[in-house]
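# Here is a sequence together with a model predicted from it:
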Amino acid sequence: MVPGLLQTPAYAEAVIAASPHYIEPERAAQLVKVRVGRQAKIEEGGASYTAILWEAVLAQPLVSVEIHREQLSAILEIGKRKNVTVQVLPFSAGVLAGYSSAFYSFSFDDEPTVEAVAMDNLRGTSVLEGAEDLAAYASAFDLLRSSALAPDASAKLIRGILRTLKEDTS
């Protein structure tokens, strides 16, 4: 799915509502609010963010087509920010798309050194901080990034998917 730092509130609500575990409406609203708050840090320019999205996440709506179109438009807008890089790992990357489950790597200073890795799972979020784990995920990220389309080509692909979605519903 689309990473939380790129999710629109409507997309986040739909994904949370579809969770196999029932989440109370108040808790769901709180989770959406937390995601929006995290996004504010990037909007303020206080942090840099790079997202590599598998083309399948963009091409196949997990939510209603209307929400998905809104989400793709939001990704295009967010990708225009100077501190944000959005790249798409195309279908042509083949096996790389299944190389790893979704993960988030963090660097807490100006150097892009991986200092922590987080992965969402059914029971919450797991955080890795061991040197071997960090090296493995840094290597995986570099491989995925170098195999992904450049940001301009990624935006072009997303615009094409958006056009297709609009044509399919017209």
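Here it is on my side, so go on. Numbers count the residues shown, from 1 in each chain.

# if I look at the residue lying closest to residue 135 once chain neighbours are set aside, how far off is residue 140?
Leaving aside its sequence neighbours, residue 135 sits nearest to residue 114 (CB to CB, 6 or more residues apart in numbering; 7.9 Å). No exception for glycine: its C-beta is placed from N, CA and C like everyone else's. Using CB to CB, to the nearest Å, residue 114 is found at 10 Å from residue 140.

# out of these two, which sits in the busier spot?
Set residue 114 next to residue 140 and count neighbours by other CB atoms under 10 Å: residue 114 wins out with 20 against 17.

# Let's verify that one: helix, strand, or coil?
coil (DSSP: H, G, I helix; E, B strand; the rest coil).

# Check what pLDDT it gets.
Residue 114 carries a pLDDT value of 87.

# Next, give phi and psi for it.
Main-chain dihedrals, residue 114, degrees, to the nearest 10: phi -70, psi 120.

# residues contacting it?
105, 106, 107, 134, 135, 137, 138, 141 (CB atoms under 8 Å, 6 or more residues apart in numbering).

# how about a cut-off of 6 Å?
105, 134, 138 (CB atoms under 6 Å, 6 or more residues apart in numbering).

# From those, pick the one nearest residue 34.
Closest approach to residue 34 among the contacts of residue 114 (CB to CB): residue 105, at 19.7 Å.

# Spell out which residues are contacts of both of residue 114 and residue 140.
Contact with both residue 114 and residue 140 is made by no residue, according to CB under 6 Å, 6+ apart.

# for the residue nearest to residue 150 when sequence neighbours are not counted, which residues make a bridge with it?
Excluding the flanking residues, the one nearest residue 150 by CB to CB, 6+ apart is residue 87, at 7.1 Å. Beta-bridge partners recorded for residue 87 (DSSP bridges): residue 52.

# Kindly report the same for residue 106.
With DSSP bridges as the rule, residue 106 is bridged to residue 116.

# please begin residue numbering at 53 from this point
Okay, using 53 as the starting number, the last item reads as residue 158.
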